[in-house]
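Asks: Show me how the following folds:
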Amino acid sequence: MIKHPHIQLSTEVARAINIGLPLVALESTVITHGLPKPQNLELARNMEKQIRDNGATPATIALLDGKIRLGLSDAELIRLSELDTSLKVSHRDFATAITKKQNGGTTVAGTMLAANMAGIKVFATGGIGGVHKESAFDISTDLHALSETPMIVVCAGAKSILDLPATLEYFETMGVSVVGYQTDEFPAFYSRESGLNVSVRLDSPKDIAEFAKVHWSLGLRSAILVTNPIPQAESIPASKMEPMIAKASKEAVEQGIHGQALTPFLLNRINELSKGKSLKANLALLLNNACLAAEIAKEMTVRKKEWAI
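Replies: Model prediction:
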């Protein structure tokens with residue numbers, strides 16, 4: 001059992017850790033900053049249900065009253081979803097949230113930090129951060145976290161508002177394996193296609209677990225980024241998304257929006273421009289990723305005794 005003065009486990013998550021059940025970490029900025037009300041709460045509940053229905057235990061991670069919480073009750077999910085102001089917690093923000101006893105949603109990087117402290121090896125999210133088009137120096141902390149945290153991260157690619165070629169170059173430089181799940185092409189969040197290649201294609205959760213075992217057995221500490229294309233029915237062609245992304249990005253520059261405020265602004269503006277289609281796509285890909293992550297977590301648990309990670 002993990003014992004840390006700033007971490008609090010739910011009963012469900014503590015039990016899963018103690019007896020070695022499959023676990024899937026979930027981020028919470030999608031609840032606090034990513035989705036409008038009430039879709040944020042509905043999504044949080046549905047993500048957890050999807051993971052339980054597929055035989056794993058969900059561990060939604062967030063900051064409540066300055067405590068790093070792994071696993072939330074339904075009442076706590078409601079509280080998180082209704083916060084008017086909350087911190088967006090990445091690596092640099094944990095100490096602030098803890099010392100000031102603040103509430104916050106964890107980013108991809110923040111969730112990875114907390115999950116890794118608890119020994120959770122699988123994490124499901126929507127899209128990771130990356131290199132922004134507006135500035136080559138605006139690079140998400142997610143990328144650094146992926147380069148130094150041994151974890152399987154299931155996503156639908158990088159958010160399509162980003163510079164995808166530059167993001168993939170960063171991964172190559174930092175030794176992060178980019179796995180395409182049943183695809184040779186790097187998915188672009190809302191779209192199944194990007195025209196860019198992944199570093200390896202794997203076609204089953206078992207193959208992904210075996211790949212991770214070999215990767216970490218070599219002493220490598222980087223993550224395995226599993227890119228899972230959005231379901232075909234909800235996919236929006238890149239040709240339709242690109243003009244909306246360009247318009248939203250131009251408006252962000254004109255309004256001087258940058259830093260942690262940039263991604264929420266762009267996603268909200270794109271949802272307006274797409275007349276709600278991008279939000280529908282976002283919800284579909286999140287649930288799809290939760291399902292795959294649960295299947296991978298089960299395969300990881302089967303092989304756990306063989307591993308030294």
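Asks: use CA for all of it now, contacts and neighbours both
Replies: Fine.
Asks: Please, which helix or strand holds the nearest residue to F123 once chain neighbours are set aside?
Replies: Sequence neighbours aside, A25 is the residue nearest to F123 in space, at 4.5 Å (criterion: CA to CA, 6 or more residues apart in numbering). Taking DSSP states H and E as the definition, A25 sits inside strand 23-26.
Asks: How about R15?
Replies: helix 11-19.
Asks: Quick one: residues contacting I128.
Replies: Residues near I128 by CA atoms under 8 Å, 6 or more residues apart in numbering: V108, D142, C155, G157, A158, K159.
Asks: Quick check: L168 is in a helix.
Replies: Yes: checked against DSSP: H, G, I helix; E, B strand; the rest coil, L168 lies within a helix.
Asks: So for stretch 81-92, mean pLDDT?
Replies: Taken as a whole, stretch 81-92 has a mean pLDDT of 95.
Asks: for the chain, which helix is longest?
Replies: Secondary structure of the chain read by DSSP state H shows that its longest helix is helix 277-302.
Asks: Tell me which other helices or strands it touches.
Replies: Helices and strands touching helix 277-302, by 3 or more CA pairs under 8 Å, 6 or more residues apart in numbering; DSSP states H and E, are strand 23-26, helix 39-53, strand 122-124, strand 152-155, helix 205-217, helix 262-273.
Asks: Take those and write them to a markdown table, including mean neighbour count.
Replies: Formatted as a markdown table, those follow (neighbours: other CA atoms under 10 Å):
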| stretch | mean neighbour count |
| --- | --- |
| strand 23-26 | 29 |
| helix 39-53 | 19 |
| strand 122-124 | 28 |
| strand 152-155 | 27 |
| helix 205-217 | 17 |
| helix 262-273 | 19 |
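Asks: tell me the mean pLDDT for stretch 255-262?
Replies: 82.
Asks: in that stretch, what counts as buried?
Replies: By neighbour count on 16 or more other CA atoms under 10 Å, the buried set for stretch 255-262 is empty.
Asks: Over to stretch 117-134?
Replies: By neighbour count on 16+ other CA under 10 Å, the buried set for stretch 117-134 is 118, 120-133.
Asks: picking that back up, go through the helix holding R15 and flag the buried ones.
Replies: The neighbour-count check on helix 11-19 (16+ other CA under 10 Å) flags V13, A14, A16, I17 as buried.
Asks: centre of the chain versus the next helix or strand after the strand holding A25, how much separation?
Replies: Per DSSP H and E, the first helix or strand lying C-terminal to strand 23-26 is helix 29. Relative to the centre of its chain, helix 29 is centred 9 Å away, using CA atoms, centre = their mean, to the nearest Å.
Asks: ok so, going back, packing partners of the helix holding R15?
Replies: The contact analysis (3+ CA pairs under 8 Å, 6+ apart) places helix 11-19 against strand 23-26, strand 57-64.
Asks: Roughly how far does the spatially closest residue to L202 that is not a sequence neighbour sit from D93?
Replies: With CA to CA, 6+ apart as the criterion, L202 has its nearest non-adjacent residue at 5.4 Å, and that residue is Y181. Per CA to CA, to the nearest Å, Y181 is found 32 Å from D93.
Asks: CA atoms only: put the host helix or strand of V253 into PDB for me.
Replies: In this assignment (DSSP H and E), V253 forms part of helix 238-254. C-alpha atoms of helix 238-254 as PDB (Å, rounded to 0.1, in the frame of the first residue of the first chain):
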ATOM      1  CA  ALA A 238      -9.100  16.500 -41.400                       C
ATOM      2  CA  SER A 239     -10.100  18.600 -44.400                       C
ATOM      3  CA  LYS A 240     -13.200  19.800 -42.500                       C
ATOM      4  CA  MET A 241     -11.400  20.300 -39.200                       C
ATOM      5  CA  GLU A 242      -8.300  22.200 -40.500                       C
ATOM      6  CA  PRO A 243     -10.200  25.400 -41.500                       C
ATOM      7  CA  MET A 244     -11.900  25.600 -38.100                       C
ATOM      8  CA  ILE A 245      -8.600  25.000 -36.300                       C
ATOM      9  CA  ALA A 246      -6.900  27.700 -38.300                       C
ATOM     10  CA  LYS A 247      -9.700  30.200 -37.600                       C
ATOM     11  CA  ALA A 248      -9.600  29.400 -33.800                       C
ATOM     12  CA  SER A 249      -5.800  29.600 -33.700                       C
ATOM     13  CA  LYS A 250      -5.800  33.000 -35.500                       C
ATOM     14  CA  GLU A 251      -8.400  34.300 -33.000                       C
ATOM     15  CA  ALA A 252      -6.200  33.100 -30.100                       C
ATOM     16  CA  VAL A 253      -3.200  35.000 -31.400                       C
ATOM     17  CA  GLU A 254      -5.300  38.100 -32.000                       C
END
